[in-house]
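Trainee: Test case, fold it:
(chains A, B, C and D)
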There are 2 protein chains.
Amino acid sequence: MMVSMDVTMGTLPQPELSEVDVATVLAALADPVRLSIVRELHRVGESTCTALDVPVKASTVSHHMHALREAGIVTTRIAGTTRPSRLRTADLEKRFPGLLNIVLAG
Amino acid sequence: MMVSMDVTMGTLPQPELSEVDVATVLAALADPVRLSIVRELHRVGESTCTALDVPVKASTVSHHMHALREAGIVTTRIAGTTRPSRLRTADLEKRFPGLLNIVLAG
DNA sequence: CGACTATTACGATCATGGTCGTAGTATTGG
DNA sequence: CCAATACTACGACCATGATCGTAATAGTCG
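Mentor: This is a model prediction of the structure:
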């Protein structure tokens, strides 16, 4: 068995939050499945697509995660064959103050 | 000529903002035309559908205003044949603190 | 290498909703 | 009443995107 050689894995491509406009973020959040994904990520901290408890197929979850990533809402790191994602809480709060709280409160 | 008999005209049906869920508001705001309507309403205070400077036909503007009204974002009063609308700024700030500022800043 | 798992890419289907035109309603003014 | 204006209701068309199944890719374990 190999010891892990590099803890600093890469992340999937994601935009600078300063370059993301409001319309993109709102459109990404205007979906019930994606809203539940965001809330679950906030609750558990980090999760892969298959571990999420949403009523759609895995390929659909991947599609939604892609949309959330392109909107700057989540960041996804590469860990072996898995792609754990988590909310970009600090970045979002700086760019859109209060937005995350609004979404999580609902 | 008749003097106006009743300044207290009615308003078009609108929901209590406490009964509006986040998904509805986000979906209503996730459209470029509706975003520009919201921003213009904030700038001029109040406006009718035809007076708004948006690149769509009047019937489409009416459709969008209907969506914004059902989402609790605008209130529309009845004034003769016109229907001037304005943002429900205070209600929105109480229900979704910071949301309006995020939208208007973009 | 081969089996298994996690994920993504791709194409197909289908529902949602943005847009328009037309028609209908309501109010004002002549 | 008649005309004009503001708006809405309705139906039609069409682009977008949510969903799925399948296939392809990549890592892990033996």
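
Trainee: What's the separation between the residue nearest the centre of chain A and DNA strand C?
Mentor: In chain A, the centroid-proximal residue (Cα atoms, centre = their mean) is residue A:74; its distance is 2.6 Å. Applying Cβ to the nearest atom of the strand, to the nearest Å, one obtains 10 Å for the distance of residue A:74 from DNA strand C. No exception for glycine: its C-beta is placed from N, CA and C like everyone else's.

Trainee: dump the residue contacts of that residue.
Mentor: Counting by Cβ atoms under 8 Å, 6 or more residues apart in numbering or on different chains, residue A:74 touches A:38, A:41, A:65, A:68, A:85, A:86, A:87, A:88.

Trainee: how many other residues sit next to the fourth one?
Mentor: What it means is residue A:68. Residue A:68 has 25 neighbouring residues, counting by other Cβ atoms under 10 Å in any protein chain shown.

Trainee: the strands in chain A, which residues?
Mentor: A:74-76, A:85-87 (DSSP state E).

Trainee: For chain A, which residues score under the pLDDT cut-off?
Mentor: Counting by pLDDT under 70, the low-confidence segments of chain A come to A:1-9.

Trainee: okay, the contacts of residue A:74 in JSON lines with distance to residue A:104 next?
Mentor: Shown next, in JSON lines, are the contacts of residue A:74 (distance: Cβ to Cβ, whole Å):
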{"residue": "A:38", "distance to residue A:104": "7"}
{"residue": "A:41", "distance to residue A:104": "10"}
{"residue": "A:65", "distance to residue A:104": "18"}
{"residue": "A:68", "distance to residue A:104": "14"}
{"residue": "A:85", "distance to residue A:104": "16"}
{"residue": "A:86", "distance to residue A:104": "14"}
{"residue": "A:87", "distance to residue A:104": "9"}
{"residue": "A:88", "distance to residue A:104": "14"}
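
Trainee: ok, and the most crowded of those residues?
Mentor: residue A:68 leads the contacts of residue A:74 on contacts (other Cβ under 10 Å) with 25 neighbours.

Trainee: right, and that one touches residue A:40 too?
Mentor: No. Judged on Cβ atoms under 8 Å, residue A:68 makes no contact with residue A:40 at a distance of 11.8 Å.
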